[in-house]
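Student: A predicted structure for the sequence below; I have some questions about it.
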Amino acid sequence: MQNNKIIYSKTQEKRSFLSSLCSCFDCFKKNPQQMNQYHPEIDTPKSSFIGQRKIIVLDLDETLVHSQFEYFDSFDFTINIAVQSQNFKVYVIVRPGVKKFIEQLNHFYDIIFWTASIKEYAMAVIDYIDPDGKAVERLFRDSCTPLKNSFTKDLTKLGRDLKDVIIVDNSVFSFIMNPENGLKINDFFYDKYDKELESILPFLIWISQLSDLRPIQNRYKEFLNRKKLEKKNDEQQIIYGLSKTVSIQRKKINQKSFIKTLTEHIANRGKVGKDDTNESEKETFEIINSY
Ligand SMILES: [Mg+2]
């Protein structure tokens, strides 16, 4: 940890002012020699959370929110933060559906927010999007792994079998160390009509039931194919209407009773608008009744 602190303090000196706040301002260059000093096995802090449920790791910037220093009229809230003794206002817009997304995921996963942004900024963002504190843990830039002049997230630091871990992130680089665990989400910037979270939620719920979530991108393709097939079947049921008719026949047994025969005809009426009705199935039930 001590070594870690030294490395981070050195790299921060090299960063531009903007980049020291949010991961979305990572336009800085690091000193390659400093990066070579990094030792993943002894450096950045690991998760301390121990749980039983599957874990879903959620990125923040361009996944759940977008932030910038310049004013824009569709922002949802602002954050005032002090960096290097100067105060700054950050304008933040929240991706549509975030609160419902978190609420729903909480039924199926232990949620961990993990961002490459600094804690001072990210804490305020998480407080806003998860006011009830449903997430079990918050991880920040100091838990990321410096790699190739950027930051990545080594999921083994969560201390869990990776078959039970999924990360949702707009950057594939974030899960480059565990590519089988990552679901890349489209970038979010300003679109108030964005439906990405609503779109991937059914998949995330479905995959939570599997014994091994990996490889997640393949699972996602499989899920989309299933949905396509279901949609196709639904459309066929609309085009090919099924109709049922029931005919009743009575056969007298004696003075007091008779057999009532119910015959159910299931007719395939073909495409709507056509007259090529064919009787495809028959089911017969006999009931003995009394007069
Ligand atoms: Mg991001």
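Tutor: Sure thing, it's come through.

Student: low pLDDT regions in the stretch 101-250 of the chain?
Tutor: 235-248 (pLDDT under 70).

Student: same thing but 90
Tutor: 118, 120, 142, 146-150, 159-160, 226-250 (pLDDT under 90).

Student: what is the longest helix of the protein by residue count?
Tutor: Determined from DSSP state H, the single longest helix within the chain is helix 216-239.

Student: up against the ion, what does the chain have?
Tutor: 59, 61, 62, 63, 170 (CB under 5 Å from the ion). Where C-beta positions appear, they are placed from N, C-alpha and C, glycine not excepted.

Student: residue 186 is in contact with the last one, correct?
Tutor: Yes: Residue 170 is in contact with residue 186 according to CB atoms under 8 Å; the separation is 7.0 Å.

Student: between these two, who's got more neighbours?
Tutor: More crowded of residue 170 and residue 186, by other CB atoms under 10 Å: residue 170, with 20 against 12.

Student: can you tell me which residues contact the more buried one?
Tutor: 59, 61, 62, 63, 184, 185, 186, 187, 188 (CB atoms under 8 Å, 6 or more residues apart in numbering).

Student: now a ChimeraX select for only the buried ones of those residues.
Tutor: Buried members of the contacts of residue 170, identified by 16 or more other CB atoms under 10 Å, are gathered into one ChimeraX selection as follows:
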select :59,61,62,63,184,185,188
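
Student: just the contacts of residue 170 now: which is nearest residue 257?
Tutor: residue 185 (68.8 Å; CB to CB).

Student: against residue 89, how distant is that closest one?
Tutor: 27 Å (CB to CB, to the nearest Å).

Student: would you map the strands across this protein?
Tutor: 55-58, 65-68, 77-83, 86-94, 110-114, 137-139, 145-147, 150-152, 165-169, 182-184, 240-252, 257-271, 278-290 (DSSP state E).

Student: how does the chain divide into domains?
Tutor: In terms of domains, the chain is parsed into 2-214, 240-290 (source: automatic domain parsing).

Student: list the contacts of stretch 115-126.
Tutor: Outside of stretch 115-126, the residues within contact range by CB under 8 Å, 6+ apart are 20-24, 26, 59-61, 64-65, 67, 79, 81-83, 90, 92, 113, 135, 138-142, 144, 150-151, 153, 174.

Student: count the residues that sit near the closest residue to residue 189 other than its chain neighbours.
Tutor: Leaving out its chain neighbours, the residue that sits closest to residue 189 by CB to CB, 6 or more residues apart in numbering is residue 66, at 4.9 Å. Counted with other CB under 10 Å, the neighbours of residue 66 add up to 25.

Student: correct me, but residue 66 touches residue 92?
Tutor: Yes: assessed by CB under 8 Å, residue 66 is found in contact with residue 92 at 7.3 Å.

Student: find the residues that touch each one of those two.
Tutor: Contacts common to residue 66 and residue 92, judged by CB under 8 Å, 6+ apart, are absent.

Student: the residue nearest to residue 189 bridge partners, please.
Tutor: residue 93 (DSSP bridges).

Student: OK, contacts around it?
Tutor: 24, 92, 93, 95, 188, 189, 190.

Student: out of those, who's nearest the ion?
Tutor: The nearest member of the contacts of residue 66 to the ion, counting by CB to the ion, is residue 24 at 6.9 Å.

Student: could I get the phi/psi values of residue 161?
Tutor: phi -60, psi 130 (degrees, to the nearest 10).

Student: near it, how many other residues are there?
Tutor: Neighbours of residue 161 (other CB under 10 Å): 11.

Student: how about the one 10 residues further on?
Tutor: Residues lying near residue 171 (other CB under 10 Å) number 22.

Student: thought it was touching residue 61?
Tutor: No: using CB under 8 Å, residue 171 makes no contact with residue 61, being 9.1 Å away.

Student: for the ion, what's the nearest residue on the stretch 101-250 of the chain?
Tutor: For the stretch 101-250 of the chain, CB to the ion, closest residue to the ion: residue 170, 4.5 Å.
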